[in-house]
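[1] test case, fold it:
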Amino acid sequence: MSKNKVVHFEIPASDMKKAKEFYEAIFDWKLELWGEEGAMAYTTKVDKEKEPSELGGINGGFYKRKAKNQQPTIVVETPSIDETIKKIEKSGGKIATPKHEIGEWGFMADFTDPEGNEITLWEGPKK
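    Down below sits the predicted model:
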């Protein structure tokens, strides 16, 4: 199995209830609403901690759209955001959002590739 897997996705939505109805009807996903600010999207079976229990399965989330140009993003897990950022910059990418803590879940950062696509990095908490 390769490292640096896609582990999550994020989709902006202006109306969480409409997004829930749409994605549940189309893909049979289960969305757990967090008011109008967001939702967790379960696309695969989960364990008691709500982590994917199917090999290769990922879940995602929805967040409140704040600008018309916001687009879905993918989240790639890396063992070290700092090391990955060095590789990104050396290879022609640019850092869009510096590494920042996301509470108990670890760290995130965003970068753009040479084509202008924005990708999110995630580094889990150190154990």
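
[2] so the closest residue to I102 other than its chain neighbours bridges to which residues?
    In space, and not counting its chain neighbours, I102 is closest to M108: 5.2 Å by Cβ to Cβ, 6 or more residues apart in numbering. Every C-beta, even on glycine, is put in place using the N, C-alpha and C of the backbone. The bridge-partner assignment for M108, based on DSSP bridges, gives H100, W122.

[3] contacting residues around M108?
    The contact partners of M108, by Cβ atoms under 8 Å, 6 or more residues apart in numbering, come to 75, 81, 97, 99-100, 102, 120-123.

[4] show the buried residues in those.
    75, 81, 99, 120-123 (16 or more other Cβ atoms under 10 Å).

[5] among those residues, which pair sits farthest apart?
    V75 and K99 (13.9 Å; Cβ to Cβ).

[6] hang on, I26 in a helix?
    Yes. Applying DSSP: H, G, I helix; E, B strand; the rest coil, one finds I26 inside a helix.

[7] what's the distance between it and A41?
    12 Å (Cβ to Cβ, to the nearest Å).

[8] repeat for T97
    22 Å.

[9] ditto for I95
    27 Å.

[10] more neighbours: which of these two?
    Applying other Cβ atoms under 10 Å to I95 and A41 shows that A41 carries more neighbours, namely 23 against 15.

[11] which residue, neighbours along the chain excluded, lies closest to that one?
    Here the residue nearest A41, using Cβ to Cβ, 6+ apart, is G60, at 4.6 Å.
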